[in-house]
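Trainee: quick one: sequence plus predicted model below, questions after.
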Amino acid sequence: MNSNKTNLADNPDVILIGAGIMSATLGTLLKELEPGIKIEVYERLDVAAAESSDAWNNAGTGHSAFCELNYTPERPDGTIDISKAVKIAESFEISKQFWSYLIEKNQVKLPDFFINSIPHISFVWGDKNVEFLKKRYDALTECHLFKGMQYSENPQQLKEWMPLVMEDRDPNEKVAATRMEIGTDVNFGALTRRMLERLGRDGEVKQYFGHEVRNIKKTSNGYWRIKVKDLATGDKRKVYTKFLFIGAGGGSLPLLLKSDIPEGDGYGGFPVSGQWLRCVNPDIIERHKAKVYGKASVGSPPMSVPHLDSRFINGKKELLFGPYAGFSTKFLKKGSFLDLALSIRPDNLRPMISAGLKNIPLTQYLINQVRQEPEDRLAALREYYPDAKEEDWKLEVAGQRVQVIKKGPEGGGVLEFGTEMVSASDGSLAALLGASPGASTAVSIMLELIKRCFPEQVASPEWQAKLKQMIPSYNQSLAQNAELLYEVRDWTSATLGLPRIGTNYKQELGKV
Ligand SMILES: Cc1cc2nc3c(=O)[nH]c(=O)nc-3n(C[C@H](O)[C@H](O)[C@H](O)COP(=O)(O)OP(=O)(O)OC[C@H]3O[C@@H](n4cnc5c(N)ncnc54)[C@H](O)[C@@H]3O)c2cc1C
């Protein structure tokens with residue numbers, strides 16, 4: 001059966017493709033800004049947040065650059081560049097403000113359902129790495145976003161912070177760690193489902209699960225037409241909209257290419273799969289209380305940074321180690337092995353080949369990862385937990401990432417490890433590509449999208465007032481304004497049930 005909404009007035013103002021954290025965040029922001037807006041969501045799976053946004057498919061780290069060493073690269077002159085760390089830390093503060101607003105409005109219940117406090121630790125060994133960590137600590141703590149960070153080379157202190165990591169470690173090895181008390185673990189899947197439930201209440205935002213978007217086309221009257229297939233019945237239909245968001249995670253690239261917008265020319269994708277070791281021994285799970293991030297081995301990609309991670313999933317404490325990277329031609333965990341081949345087009349072929357040739361060490365690294373035997377995985381784990389035993393750990397498949405390949409200078413290709421928003425020049429379509437730092441920065445990314453695609457509305461006094469109500473630091477730099485940071489941190493910590501380590505801040509500012 002074919003059913004099409006031929007009367008344009010029956011069609012939604014906004015269509016969101018995909019029911020992950022990005023669509024849920026955008027839908028929630030738009031509904032708050034314009035309560036009368038008509039939104040529809042189309043999702044190919046039967047439930048929301050079952051791909052990258054699900055808690056078991058990502059690491060759940062509230063990325064604030066407290067512990068992720070790849071966000072603070074060392075410059076050739078040996079100094080540390082903290083600009084990316086500052087940007088990510090600010091973005092996470094923006095996410096926390098929006099979530100606090102939703103909780104205060106009673107839209108998302110029970111903060112501990114999705115966000116939990118857990119110290120973020122960076123741990124390194126060897127003289128060179130210890131020197132790097134100390135320089136990183138000195139550089140970061142110059143900025144108030146990172147005040148409260150602790151540094152230690154004392155094995156006794158480190159044992160208190162992370163007993164599993166320090167027990168039975170070679171006493172002659174030089175080690176160091178930084179610790180940030182106010183780190184978080186976030187269940188992005190639970191948060192996504194809560195936001196979508198709220199949007200769907202009273203039929204306000206229609207959500208079509210088991211519906212796959214197959215094609216996208218711009219019509220002569222300026223609307224976007226999507227062709228959707230109901231995967232249960234086989235029914236197909238067309239829906240029209242003035243604004244289309246492609247928030248399909250790994251599935252965004254093929255849809256962007258189908259839209260044929262010139263801004264999407266030359267984009268390609270390089271899929272990277274992942275696995276975790278999940279601890280199944282409750283005594284061990286209980287003894288670890290931190291997210292411990294290490295340094296990626298030389299030549300390996302940033303997403304392969306190993307970490308020993310306390311998690312809180314569906315009310316239960318868990319412990320994961322990984323991720324171990326791998327190669328798969330699928331763009332989604334529940335996707336098709338043909339995804340990569342079908343994404344190759346005349347305009348992205350050259351960038352893809354060129355990126356492949358320039359990144360042979362990455363390909364080799366991924367092949368080696370795929371070839372790993374259980375003993376190899378255990379050896380990697382023992383670098384972080386020397387006493388680890390194979391029987392206490394089970395292998396799990398993580399979410400799929402599609403790293404962005406884009407045209408570089410002279411038509412060559414560049415492989416990117418971040419998130420990339422691509423939008424049509426008239427603001428009628430936007431797509432989100434890439435993975436990292438991803439979910440933690442969803443609110444900032446979607447605010448940027450709204451600014452690009454709804455510029456007139458954003459400039460209006462009504463939207464400005466609402467944006468400031470939802471995000472009190474909106475349009476202000478938290479990195480430049482310590483007082484504002486402490487104020488919003490105090491508020492979000494109280495609302496989200498996180499530790500308030502704000503008392504010294506006020507003294508520093510001469511307020512007490
Ligand atoms: C291994 C791993 C670890 C990570 N760790 C972290 C972390 O610690 N912290 C962090 O902040 N971020 C992390 N991320 C990144 C984060 O998970 C993602 O950035 C985020 O979940 C992406 O959300 P999304 O809504 O764009 O995509 P998704 O959650 O993947 O949702 C996309 C949805 O679109 C649907 N879809 C696809 N194609 C179609 C179609 N044609 N029609 C209809 N529906 C479609 C999919 O089924 C899916 O439900 C990690 C990611 C991975 C893979």
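Mentor: Good, I have the coordinates.
Trainee: what is the neighbour count of the closest residue to the ligand within the stretch 301-450 of the chain?
Mentor: Nearest residue of the stretch 301-450 of the chain to the ligand: residue 438, at 2.2 Å (CB to the nearest ligand atom). Where C-beta positions appear, they are placed from N, C-alpha and C, glycine not excepted. Residues near residue 438, counting by other CB atoms under 10 Å, number 25.
Trainee: my guess is it contacts residue 418, does it?
Mentor: No: between residue 438 and residue 418 there is no contact under CB atoms under 8 Å: 9.1 Å.
Trainee: spell out which parts of the stretch 351-500 of the chain neighbour the ligand.
Mentor: 398-399, 401, 432, 435, 437-440 (CB under 6 Å from any ligand atom).
Trainee: quick check: the two most widely separated of the residues you listed?
Mentor: Using CB to CB, those span at most 19.3 Å, a distance reached by 398 and 432.
Trainee: more neighbours, the two?
Mentor: Taking other CB under 10 Å, residue 398 and residue 432 do not tie; residue 432 has more neighbours (27 against 22).
Trainee: surely the more buried one is in a strand?
Mentor: Yes: counting by DSSP: H, G, I helix; E, B strand; the rest coil, one finds residue 432 located in a strand.
Trainee: list the contacts for it?
Mentor: By CB atoms under 8 Å, 6 or more residues apart in numbering, the contact list for residue 432 reads 22, 245-247, 252, 419-421, 445, 449.
Trainee: 7 Å - rerun?
Mentor: Going by CB atoms under 7 Å, 6 or more residues apart in numbering, residue 432 touches 22, 247, 252, 419, 421, 445.
Trainee: biggest separation within these, which pair?
Mentor: So, the contacts of residue 432 by CB to CB: farthest apart are 252 and 445, at 12.7 Å.
Trainee: higher neighbour count, those two?
Mentor: Legend: neighbour count by other CB under 10 Å for residue 252 and residue 445, higher for residue 252 (29 against 25).
Trainee: who touches the particular helix or strand that has the more buried one in it?
Mentor: Here residue 252 sits within helix 252-259, counting by DSSP states H and E. Residues from elsewhere that reach helix 252-259 (CB under 7 Å, 6+ apart): 17, 213, 215-216, 246, 248, 264, 267, 269, 331, 342-343, 345, 402, 422, 429, 431-433.
Trainee: what's near enough to touch residue 76?
Mentor: If you count contacts by CB under 7 Å, 6+ apart, residue 76 has none.
Trainee: and it, how close does it get to residue 86?
Mentor: 20 Å (CB to CB, to the nearest Å).
Trainee: flag the shaky bits of this protein, pLDDT-wise.
Mentor: Within the chain, the stretches with pLDDT under 70 are 1-8, 109-112, 297-304, 370, 411, 436-437, 501-512.
Trainee: the longest helix in it is where?
Mentor: helix 83-104 (DSSP state H).
Trainee: does residue 492 touch residue 97 like I think?
Mentor: Yes: with contact defined as CB atoms under 7 Å, residue 492 reaches residue 97; the gap is 5.9 Å.
Trainee: what comes up buried for stretch 165-172?
Mentor: 165-166, 169 (16 or more other CB atoms under 10 Å).
Trainee: for it, measure first residue to last.
Mentor: End-to-end span of stretch 165-172 (CA to CA, to the nearest Å): 15 Å.
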